[in-house]
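Colleague: build the 3D model from these lines:
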Amino acid sequence: MMNIDAHLLATVVGGAGDNPAKLSESSGCPVPSASNDSLAKSWNVKHGVTKDKGGNFTKLDGPLPNLYRYEYFNGSRCAPGGDD
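Modeller: Here you go, the predicted structure:
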């Protein structure tokens, strides 16, 4: 048997564990909104999250590529393809 910390458990069961950019959430996932996308974009820039580090999401993947990149970088299963 293995003990895992709360952050890892939250990642496994559906969220990123914490919410470093303080985005509004619903059911453990950031709300897909223009305001959250803008906050995520600022957070990504401040923390050096590039396309290479956070996924090369574009508008073709959905309307909120900055939010998707943030979720992907933080290990959230809320990101597109994160629960595959």
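Colleague: need the three-state assignment for the most centrally placed residue in the chain.
Modeller: Centroid check for the chain by C-alpha atoms, centre = their mean gives Glu71 as the closest residue, at 1.1 Å. Secondary structure assignment for Glu71 (DSSP: H, G, I helix; E, B strand; the rest coil): helix.
Colleague: surely it touches Pro65?
Modeller: No. Assessed by C-beta atoms under 8 Å, Glu71 is found out of contact with Pro65, at 10.7 Å. C-beta here means a position set from N, CA and C on the backbone, and glycine is covered the same way.
Colleague: any idea how far Leu39 is from Asp61?
Modeller: Using C-beta to C-beta, to the nearest Å, Asp61 is found at 19 Å from Leu39.
Colleague: higher neighbour count, the two?
Modeller: Leu39 (19 against 15; other C-beta atoms under 10 Å).
Colleague: quick check: pLDDT value at the more buried one.
Modeller: Leu39 is assigned 97 on the pLDDT scale.
Colleague: just the element for it, please.
Modeller: Leu39 belongs to helix 34-46 when assigned by DSSP states H and E.
Colleague: okay, that helix in CSV with CA atoms only?
Modeller: In CSV, the C-alpha atoms belonging to helix 34-46 read as follows (Å, rounded to 0.1, in the frame of the first residue of the first chain):
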residue,chain,number,x,y,z
ALA,A,34,-13.2,34.5,-20.9
SER,A,35,-12.2,36.0,-17.5
ASN,A,36,-10.6,32.7,-16.4
ASP,A,37,-8.8,32.5,-19.7
SER,A,38,-7.4,36.0,-19.2
LEU,A,39,-6.3,35.2,-15.6
ALA,A,40,-4.7,32.0,-16.9
LYS,A,41,-2.9,33.8,-19.6
SER,A,42,-1.4,36.3,-17.1
TRP,A,43,-0.4,33.4,-14.8
ASN,A,44,1.1,31.4,-17.6
VAL,A,45,3.3,34.4,-18.7
LYS,A,46,4.3,35.2,-15.1
